[in-house]
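*Asks:* give me coordinates for this.
(chains A and B)
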There are 2 protein chains.
Amino acid sequence: MTDEKLIGNLIQELKRGTITLSVLLMSEKPAYGYSLVTEMQAAGIVVEQNTLYPLLRRLESQGLLRSSWDTGESRPRKYYSVTDEGRSTAERLGKEWRRINTAMSRLMEDK
Amino acid sequence: MTDEKLIGNLIQELKRGTITLSVLLMSEKPAYGYSLVTEMQAAGIVVEQNTLYPLLRRLESQGLLRSSWDTGESRPRKYYSVTDEGRSTAERLGKEWRRINTAMSRLMEDK
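*Replies:* Numbers count the residues shown, from 1 in each chain, chains lettered A, B, ... in the order given. Reported below is the predicted structural model:
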């Protein structure tokens, strides 16, 4: 019998790093939290709001994203966009991802 | 200026889940800790002993690996091998990995 909670955690672990990379790639044009959730979902990367929102704040505090408020709408929205440092970090992570992917694909083909 | 420590942590985060999956795939035949480190390295998945050893113990306590001691050699060695539950977990994770990979590849091509 497989433990669904355990598998859920392992899948979460598998996704975590790719969510960070996706956010950096997708905030090339300013985006607010909920728009990122739906854009990522459309791209096949399912992320919950309660995972994404703390991540956005963390990436901002790390200097990889910056934010600004748009108060022009009836409801003010916080827009995030990638910084230069975030962009170069995304490039490094993307390279690493390709490297990992080559190794994993080979490993899984062998099975 | 990019912060090397931060990038190191993000790369670690990106790799973490794939290391678990690799271990499950590579312990189809019994393997001891150090042999896994070198086999994984040869396959392009770099993992430190102090990352792998606690992971092996964790996967054993989760029922995904089992272990047995080989005392035939001058130095006793603990061999790990995947359990049925570990094998079905690896299948699920492998599917998830392919799904993530399709999404990420598309995302990175767009950039």
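*Asks:* run through the helices of chain A in chain order.
*Replies:* Applying DSSP state H to chain A gives helices spanning A:4-26, A:33-42, A:49-61, A:84-109.
*Asks:* and those as CSV, adding distance to chain B?
*Replies:* No exception for glycine: its C-beta is placed from N, CA and C like everyone else's. Formatted as CSV, the helices of chain A follow (distance: least, CB to the nearest CB, whole Å):
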stretch, distance to chain B
helix A:4-26, 3
helix A:33-42, 9
helix A:49-61, 10
helix A:84-109, 3
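*Asks:* make CSV from those and add mean pLDDT to it.
*Replies:* Below are the helices of chain A laid out as CSV (pLDDT from 0 to 100):
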stretch, mean pLDDT
helix A:4-26, 94
helix A:33-42, 95
helix A:49-61, 96
helix A:84-109, 94
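*Asks:* including mean neighbour count and distance to A:R75, could these go into JSON lines?
*Replies:* Formatted as JSON lines, these follow (neighbours: other CB atoms under 10 Å in any protein chain shown; distance: least, CB to CB, whole Å):
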{"stretch": "helix A:4-26", "mean neighbour count": "18", "distance to A:R75": "22"}
{"stretch": "helix A:33-42", "mean neighbour count": "15", "distance to A:R75": "11"}
{"stretch": "helix A:49-61", "mean neighbour count": "14", "distance to A:R75": "16"}
{"stretch": "helix A:84-109", "mean neighbour count": "17", "distance to A:R75": "26"}
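*Asks:* centroid-nearest residue for chain A?
*Replies:* With distances taken as CA atoms, centre = their mean, the residue of chain A nearest its centroid is A:I19 (2.7 Å).
*Asks:* list the contacts for the nearest residue to that residue once chain neighbours are set aside?
*Replies:* Of all residues not flanking A:I19 in the chain, A:V47 sits nearest, at 5.4 Å (CB to CB, 6 or more residues apart in numbering or on different chains). The contact partners of A:V47, taken as CB atoms under 8 Å, 6 or more residues apart in numbering or on different chains, are A:15, A:19, A:22, A:37, A:40-41.
*Asks:* separation between A:V47 and B:A103?
*Replies:* The spacing between A:V47 and B:A103, counted by CB to CB, to the nearest Å, is 11 Å.
*Asks:* name the residues contacting each of the two.
*Replies:* In contact with both A:V47 and B:A103: A:S22, using CB under 8 Å, 6+ apart.
*Asks:* I'd like the distance between the residue nearest to A:I11 when sequence neighbours are not counted and A:R66.
*Replies:* Distance criterion CB to CB, 6+ apart; nearest residue to A:I11, sequence neighbours excluded, is B:E96 at 5.1 Å. Distance check for B:E96 against A:R66: by CB to CB, it reads 32 Å.
*Asks:* could you export the helices of chain A as a markdown table, including distance to B:L107?
*Replies:* A markdown table is the format used below for the helices of chain A (distance: least, CB to CB, whole Å):
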| stretch | distance to B:L107 |
| --- | --- |
| helix A:4-26 | 6 |
| helix A:33-42 | 9 |
| helix A:49-61 | 15 |
| helix A:84-109 | 9 |
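*Asks:* A:D110 - how many residues pack around it?
*Replies:* Other residues within reach of A:D110, judged by other CB atoms under 10 Å in any protein chain shown, total 10.
*Asks:* that one and B:A90, how far apart?
*Replies:* Taken as CB to CB, the span from A:D110 to B:A90 is 13 Å.
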